[in-house]
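Novice: A predicted structure for the sequence below; I have some questions about it.
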Amino acid sequence: MKRGFTILELLIVIAVISILVGIALPRFRGMQVEGLYAQAKGELRTLQTAVESYYIHNGAYPSTFPDDVEGATPNIIGATAPTDPFTTSSDYGYDTTGNYYIIWSVGPGGTATISGIDTNGALEGTTGDDIYASNAFATIGG
């Protein structure tokens, strides 16, 4: 009598493993997005602190971002500002109207739906899946 697995048994094991992998992979992708979301929110808090510090020391919000805050004293964000984790090749979005500013990440969708902030502190555009920080809002949104 021969010992071993039949082809049918092997196919069933492979099918079960495939189903388990199919269930697990989307969860891992969701964890990656959650991690990037948390990273963006943390970096937005740091950038918001840098912009507020710049305002305290210069009497105006930065007009060019992140260039103005990268070399500002006190140095809060270092020599280079972090880039948006959802578009690793570009900076966070920024707009100011003099009294208000907004900094935003494009979010998981990869496309910004926020276009700026108006003179009354209201968002221009829609938030969609963008993540943003502003002095016009009490919390970081998104």
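Specialist: Structure's in. What do you need?
Novice: Please tell me how far the most centrally placed residue in the chain sits from Lys2.
Specialist: Using CA atoms, centre = their mean, the residue of the chain that lies closest to the mean C-alpha position is Ala40, 3.2 Å off. Taking CB to CB, to the nearest Å as the measure, Ala40 falls 59 Å from Lys2. Bear in mind the C-beta positions are built from the backbone N, C-alpha and C, glycine included.
Novice: In what element of secondary structure is Ile103 found?
Specialist: When secondary structure is defined using DSSP states H and E, the element that contains Ile103 is strand 101-105.
Novice: Check which strands are paired with that strand and give the direction for each one.
Specialist: strand 93-96 (antiparallel), strand 131-134 (antiparallel) (DSSP bridges).
Novice: To what extent is Ile102 buried, counted in neighbours?
Specialist: By other CB atoms under 10 Å, the residues close to Ile102 number 28.
Novice: what do you get for Ser63?
Specialist: Quick note: Ser63 (other CB under 10 Å) scores 10 neighbours.
Novice: For it, give me its contacts.
Specialist: With contacts defined as CB atoms under 8 Å, 6 or more residues apart in numbering, the neighbours of Ser63 are Thr96.
Novice: low-scoring pLDDT stretches of this protein, where are they?
Specialist: 1, 142 (pLDDT under 70).
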